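Undergrad: could you look at this predicted model? Sequence included:
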Amino acid sequence: MLRFLAGRLVQSALILLGITVITFGLTFLIPADPVRMIAGRSATPETVESIRHQLGLDQPVPVQYLRYLGNLVQGDLGRSYVQKAEVTELIASRLPATLQLLAAAIFFQLLLGLPAGIYSATRRNRTSDKVVMILSFIGVSAPQFVVGLLLLYVFAHKLNLFPLGGYGTLSHVVLPAVTLGVTVAGWYSRMSRSSMIEVLRQDYIRTARAKGLSEWRVVLVHGLRNAILPIIAMIGIDIGLYMQGIVVVEAVFGWPGIGQLAWQAIQRIDIPIIMAVTLVAATGIVIGNLLADIATSLVDPRVRHR
Amino acid sequence: MGEAWNRFRMDKAALFGATIIVIVVTAALLAPWVTPHDPYEQFFDGLTMEGAPLPPSERFWLGTDLLGRDVFTRLVYGARTSLIIGVVANAVAVLIGTVLGTIAGYAGGWTGTVIMRFTDLMMAFPALLLAIALAAILKPSLWIVAMVIALVNWVQTSRVMYTQTRTLAELEFIEAARALGAAWPRILLVHILPHLMPHILVWGTLGISVTVLLEATLSFLGVGVQPPTPSWGGIIFESQSYFLTAPWLVVFPGVSILLLALSFNLVGDGLRDALDPTQRGRA
């Protein structure tokens, strides 16, 4: 187990290292010279050169990368020239809002996806299973911005049940969290259905049935107990979907998280912020996958030896 | 193949999807004959006296947008944008994924490890953020958007092709081909690729759905296909500040995106069941 854990940790660290190479590479894609943006149009060539030197941009690319990496290790994500602020502070001030949204979204994902998947697995290949699976495909195929705008129209504008956007109270979080949760629940119900089906094919389930236990007891006690951890672990894999979703959903609802921060930065081509949010999101995805792997290997030791 | 077709034919959901796809493709191809209007024309009678868009009526079937253009016409022409990007971007993504996945799976060793580690890395990369950043930096046009989507979307295919190729590469007939002195490009193209076709077909179809959604999202964020070119996500982007008073500007393009993405998902799922009945109803 320790060896497995160490191996996965090293692998995750290497993936993150690779991602820093890509985010660093983004700097070289912008047509505009960052130094000119800071110096302003009327700066003399001498001023431009001295700023370039101050930022270390006159050094060779590998040196610049190592410097970027060194700063990252110390928790320094760079400086936004557009917003004239430290990126680490900007992220830190936005992260709690995003985490709150994610927690609420995962709640709705479980609330919808889990019962749907279990129910579908027990009614495999019957009409009710097919109906639930088509509903889950609709969830998967629904564009998040459309779901968000329609929820706003119906529940905030027409029915006046929730605020039209913004941040603060519990009622602010419901609509954006449902938007994220519904779309991810589509995938989640399909995945939990297939792991539940795997469990229900096992011999001990047949034994439980043969003992004369009621069907719901077989499914919920004997089946779910063995399927639940991998099913919960799948949330870790869904972090990738969430990291895409927050950009759109935070834009639609005016939610002041890192998705909105990234979105504003992209419109102003504020590269240090884009790099930082990408890195934070990737870290979230890597940690999510790592936790999912660990949880799965706890239940099923075979995974460790793959 | 005939057997697979028979199984597909019995799948009502897949047939529904296929029907929608045929309707959308036909409408997109025959756009000038499907709608009486021009997608760029700003009608004098297309706005209210106060300059607000019109709700659906006999003259403008699905209403008008902020500039007094016919929404139905823009949806029909917008289908071209969705389909072109959906098909082209996804074809490129599937091509990249298949080439990388099969080479990694067949070569194994260092080459395989390097390619698959890179795939893992891209898996952990927030694709939408990368796509938005690239599209914003590169000044989006139809083809740039398609290429950006392809660049972030090949990962899934690569994983599937890798696993499949590895299983195939260990089979006896591949070993026989190798023993007969066939070179590796020949083995990949002649012996392995035909066995991958069902998977390419399934993932190619499911991938179009992802691509259509990604294009719509990029256009909604304003970094996709640029106005005045009609695109479904773009229609919502242009009118989002107005949607509380003119909800049809969100509902009709929104339902179009959903239906097209759903259809490709249903057909892809149906193909998977039809081509590989042992997997039926599992995933």
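TA: Cool, the structure landed. Numbers count the residues shown, from 1 in each chain, chains lettered A, B, ... in the order given.

Undergrad: wait, what's in contact with B:L121?
TA: A:I15, A:G18, A:I19, A:I22 (Cβ atoms under 8 Å, 6 or more residues apart in numbering or on different chains). Every C-beta, even on glycine, is put in place using the N, C-alpha and C of the backbone.

Undergrad: so which of these are in helices?
TA: Secondary structure from DSSP state H places A:I15, A:G18, A:I19, A:I22 of the contacts of B:L121 in helices.

Undergrad: and the stretch 1-150 of chain A, which residues reach chain B?
TA: A:11, A:14-16, A:18-19, A:22, A:26, A:29-31, A:124-125, A:129-130, A:134, A:137-138, A:140-146, A:149-150 (Cβ under 8 Å from any Cβ of the partner chain).

Undergrad: again, only using 7 Å
TA: A:15, A:18-19, A:22, A:26, A:29-30, A:124-125, A:134, A:137-138, A:140-143, A:145-146, A:149-150 (Cβ under 7 Å from any Cβ of the partner chain).

Undergrad: how many residues are close by A:I134?
TA: 17 (other Cβ atoms under 10 Å in any protein chain shown).

Undergrad: tell me if it really is in a helix.
TA: Yes: when DSSP: H, G, I helix; E, B strand; the rest coil is applied, A:I134 is found to be in a helix.

Undergrad: state the distance from it to B:A14.
TA: 11 Å (Cβ to Cβ, to the nearest Å).

Undergrad: helices of chain B, start to end?
TA: Under DSSP H, chain B gives helices at B:2-10, B:12-29, B:31-34, B:71-107, B:109-123, B:127-137, B:142-153, B:155-169, B:172-179, B:184-186, B:193-220, B:232-239, B:248-275.

Undergrad: deepest-packed of these, please.
TA: Using mean count of other Cβ atoms under 10 Å in any protein chain shown, the stretch among the helices of chain B with the largest mean neighbour count is helix B:232-239, at a mean of 25.

Undergrad: just the mean pLDDT for that one, thanks.
TA: Helix B:232-239 carries an average pLDDT of 90.

Undergrad: swap in stretch A:168-176?
TA: pLDDT averaged over stretch A:168-176 gives 90.

Undergrad: shaky segments in the stretch 151-300 of chain A?
TA: A:300 (pLDDT under 70).

Undergrad: tell me the residues of it that contact chain B?
TA: A:153, A:157, A:190, A:194, A:197, A:243-244, A:247-248, A:251, A:262, A:266, A:269, A:274, A:277-278, A:281-282, A:285-286, A:289.

Undergrad: A:Y68 and A:T23 touch, don't they?
TA: No: using Cβ atoms under 7 Å, A:Y68 is not in contact with A:T23; the gap is 8.6 Å.

Undergrad: what about the two, which has more around it?
TA: Set side by side, A:Y68 and A:T23 show more neighbours around A:T23, with 23 against 19, by other Cβ under 10 Å.

Undergrad: now that one: closest residue in space, sequence neighbours ignored.
TA: Among residues not flanking A:T23 along the chain, A:M275 sits closest, at 4.2 Å (Cβ to Cβ, 6 or more residues apart in numbering or on different chains).

Undergrad: now swap in A:R209 and tell me
TA: Using Cβ to Cβ, 6+ apart and skipping residues adjacent in sequence, the residue nearest A:R209 is A:V218, 5.6 Å away.

Undergrad: the residue nearest to A:Q11 when sequence neighbours are not counted and A:A156, how far apart?
TA: Of all residues not flanking A:Q11 in the chain, B:D120 sits nearest, at 7.8 Å (Cβ to Cβ, 6+ apart). Distance from B:D120 to A:A156, counting by Cβ to Cβ: 41 Å.

Undergrad: count of residues packed around residue 224?
TA: Going with chain A. Other residues close to A:L224 by other Cβ under 10 Å number 18.

Undergrad: switch to chain B, please.
TA: Counted with other Cβ under 10 Å, residues neighbouring B:G224 total 30.

Undergrad: could you pull up phi and psi at it?
TA: Main-chain torsions, B:G224, degrees, to the nearest 10: phi -100, psi -140.

Undergrad: correct me if wrong: it contacts B:V212.
TA: No: using Cβ under 7 Å as the test, B:G224 is too far from B:V212 to be in contact (11.5 Å).

Undergrad: can you point me to the longest helix in chain A?
TA: Every helix in chain A considered (DSSP H), the longest is helix A:87-122.

Undergrad: buried sites along that helix?
TA: A:87-88, A:90-91, A:94, A:97-98, A:100-102, A:104-106, A:108-110, A:112-114, A:116-122 (16 or more other Cβ atoms under 10 Å in any protein chain shown).

Undergrad: which parts of chain B sit against chain A?
TA: For chain B, the residues in contact with chain A (Cβ under 7 Å from any Cβ) are B:13, B:120-121, B:124-130, B:132-133, B:136-137, B:209, B:213, B:216-217, B:220-221, B:236, B:240, B:243-244, B:247, B:250, B:254, B:257-258, B:261-262, B:265-266, B:281-283.

Undergrad: repeat that for 6 Å
TA: Residues of chain B lying close to chain A by Cβ under 6 Å from any Cβ of the partner chain are B:13, B:120-121, B:124-126, B:128-129, B:132-133, B:136-137, B:213, B:216-217, B:220, B:243-244, B:247, B:250, B:254, B:257-258, B:261-262, B:265, B:281-283.

Undergrad: for the record, mean pLDDT for stretch B:189-199?
TA: Here the average pLDDT along stretch B:189-199 is 88.

Undergrad: work out the gap between it and the centre of the chain.
TA: Stretch B:189-199 has its C-alpha centroid displaced from the chain centroid by 22 Å (Cα atoms, centre = their mean, to the nearest Å).

Undergrad: only C-alpha atoms, please: export that stretch in PDB.
TA: In PDB, the C-alpha atoms belonging to stretch B:189-199 read as follows (Å, rounded to 0.1, in the frame of the first residue of the first chain):
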ATOM      1  CA  LEU B 189      -2.600   0.200 -40.900                       C
ATOM      2  CA  VAL B 190      -3.500  -3.200 -42.300                       C
ATOM      3  CA  HIS B 191      -3.900  -5.500 -39.300                       C
ATOM      4  CA  ILE B 192      -4.700  -3.300 -36.300                       C
ATOM      5  CA  LEU B 193      -6.700  -0.300 -37.700                       C
ATOM      6  CA  PRO B 194      -9.600  -2.400 -39.100                       C
ATOM      7  CA  HIS B 195     -10.200  -3.800 -35.700                       C
ATOM      8  CA  LEU B 196     -10.200  -0.300 -34.200                       C
ATOM      9  CA  MET B 197     -12.900   0.900 -36.600                       C
ATOM     10  CA  PRO B 198     -15.900   0.200 -34.400                       C
ATOM     11  CA  HIS B 199     -14.200   2.100 -31.500                       C
END
